[in-house]
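Peer 1: below are the sequence and a predicted model for it; my questions follow.
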Amino acid sequence: MLTKQQKHFLVCSAPICSCDPNPNYKKEAIWIPGEQVCRFKPYEKFQEKQLKINRKISLGKYKVEQYFKASELEGLKIV
């Protein structure tokens, strides 16, 4: 029987999924602002940062200039 996290990972289409079984996913998987965000809760810090960036993009207040890894997002200051 699959766990809730395993089931989520099988259907999650976000480039960085908080249920990724790879222990190094925060350093290996990349996300480009504007892409989908994993919706598995409780949100991790990187997911909260992704949601903030995507909100700024939708308001025209953020320019997509680079990609991020989850570990980079966790330390990112978003004004």
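Peer 2: Okay, I see it.
Peer 1: CA atoms of the longest helix belonging to the chain as PDB?
Peer 2: Longest helix in the chain, counting residues (DSSP state H): helix 45-58. Extracted in PDB, the C-alpha atoms of helix 45-58 (Å, rounded to 0.1, in the frame of the first residue of the first chain):
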ATOM      1  CA  LYS A  45       9.600  27.000   2.900                       C
ATOM      2  CA  PHE A  46      10.600  26.600  -0.700                       C
ATOM      3  CA  GLN A  47       6.900  26.100  -1.700                       C
ATOM      4  CA  GLU A  48       5.900  29.300   0.100                       C
ATOM      5  CA  LYS A  49       8.600  31.200  -1.800                       C
ATOM      6  CA  GLN A  50       7.500  29.700  -5.100                       C
ATOM      7  CA  LEU A  51       3.900  30.800  -4.500                       C
ATOM      8  CA  LYS A  52       5.100  34.300  -3.600                       C
ATOM      9  CA  ILE A  53       7.100  34.500  -6.800                       C
ATOM     10  CA  ASN A  54       4.300  33.200  -9.000                       C
ATOM     11  CA  ARG A  55       1.900  35.800  -7.400                       C
ATOM     12  CA  LYS A  56       4.400  38.600  -8.300                       C
ATOM     13  CA  ILE A  57       4.600  37.200 -11.800                       C
ATOM     14  CA  SER A  58       0.800  37.300 -12.200                       C
END
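Peer 1: who's in contact with it?
Peer 2: Contact partners of helix 45-58, identified using C-beta atoms under 8 Å, 6 or more residues apart in numbering, comprise 16, 18, 26, 31, 33-34, 37-38, 43, 62, 64, 70-71, 73-74, 76, 78. Just so you know, the C-beta spots here come from the backbone N, C-alpha and C atoms, and that holds for glycine as well.
Peer 1: strands of the chain, start to end?
Peer 2: Secondary structure of the chain (DSSP state E): strands located at 30-31, 68-69.
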